[in-house]
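Asker: can you look at this prediction? I've put the sequence above it.
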Amino acid sequence: MAEIYLNFHGLGTAPAHLAADDKPTWLTPERFEAILRLIRACDRADRVRITFDGGNRSDVTMALPILETFERRAAFFVTCDRIGMLPYLSAADIARLRDAGMTIGSHGAAHVAWTTLDDAELTAQVARSLRVLTGLTGQPVTEVAVPFGAYDPRVLRVLRKLGVTGVHTADPGAAEPRAWLKARNILRMDTPLDAIEALIAGTIDPAPRRVANHTLSVAAQRTG
């Protein structure tokens, strides 16, 4: 059965550096709890997966306690060059997420669109991020979430060569359980709860877009 990935960026007050159009990607804790209640009520087949991108400190201060209350696990994709910088996760925070049973993945080294990097720099940045996160967690980190949702066939070829075992995108839709390329649905404060419920319950068809080139505008996808 296809899985539904729900993707978040942060909880609480959005950082000041975010553009106004990007601030709704940060949800209030109450909104996040409401979505988890929908999952508990509607996800009878255990097909919903939760992810967070960026490695924001609210992952551990706000999201983790709520996830534990609802007995849910999530995958956290961390931008490794930001580790230890405010307002991002520290090495101790990442260890805390790991110890709570959460999955750690890579959101790259620097927060840049991978389509803007040549093969050598892309290889170096992704490899470094996987190596750093593996060292911090003591566990193999082999999955990535694409910054800004920007990828193309060349980027995917590089990721294959690096041995990446799962690529999480910003393409809406459902993902086959064993798919290498996984669609994810970005949720915002202004995403209607009834639309989220319909997606979770499978009453709408969230078939992923599958086209040759998924390069997105960085200006339109700043939060990535």
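Answerer: Sure thing, it's come through. The model shown is predicted, which means the values in this text are computed figures rather than measured ones.
Asker: quick check: longest helix of the chain.
Answerer: Of all segments of type helix in the chain, defined using DSSP state H, the longest is helix 119-137.
Asker: and that one, average pLDDT?
Answerer: For helix 119-137, the per-residue pLDDT values average out at 98.
Asker: helix or strand right after it?
Answerer: If you walk from helix 119-137 toward the C-terminus, the next helix or strand you reach (DSSP states H and E) is strand 143-145.
Asker: could you pull up the residues touching residue 185?
Answerer: Under the criterion of CB atoms under 8 Å, 6 or more residues apart in numbering, the neighbours of residue 185 are 4, 5, 6, 7, 172, 173, 199, 206. Where C-beta positions appear, they are placed from N, C-alpha and C, glycine not excepted.
Asker: for residue 58, same thing?
Answerer: By CB under 8 Å, 6+ apart, the residues touching residue 58 are 10, 11, 12, 26, 87.
Asker: how close does the last one get to residue 153?
Answerer: Looking back up the chat, that one is residue 87. When CB to CB, to the nearest Å is applied, the distance between residue 87 and residue 153 equals 35 Å.
Asker: between the two, tell me which one has more neighbours.
Answerer: In terms of neighbours (other CB atoms under 10 Å), residue 87 is the more surrounded of residue 87 and residue 153; the figures are 16 against 10.
Asker: which residues does stretch 28-42 contact?
Answerer: Residues from elsewhere that reach stretch 28-42 (CB under 8 Å, 6+ apart): 6, 8, 11-12, 27, 48, 50, 62-63, 66-67, 70, 72, 187, 189, 193, 196-197, 200-201.
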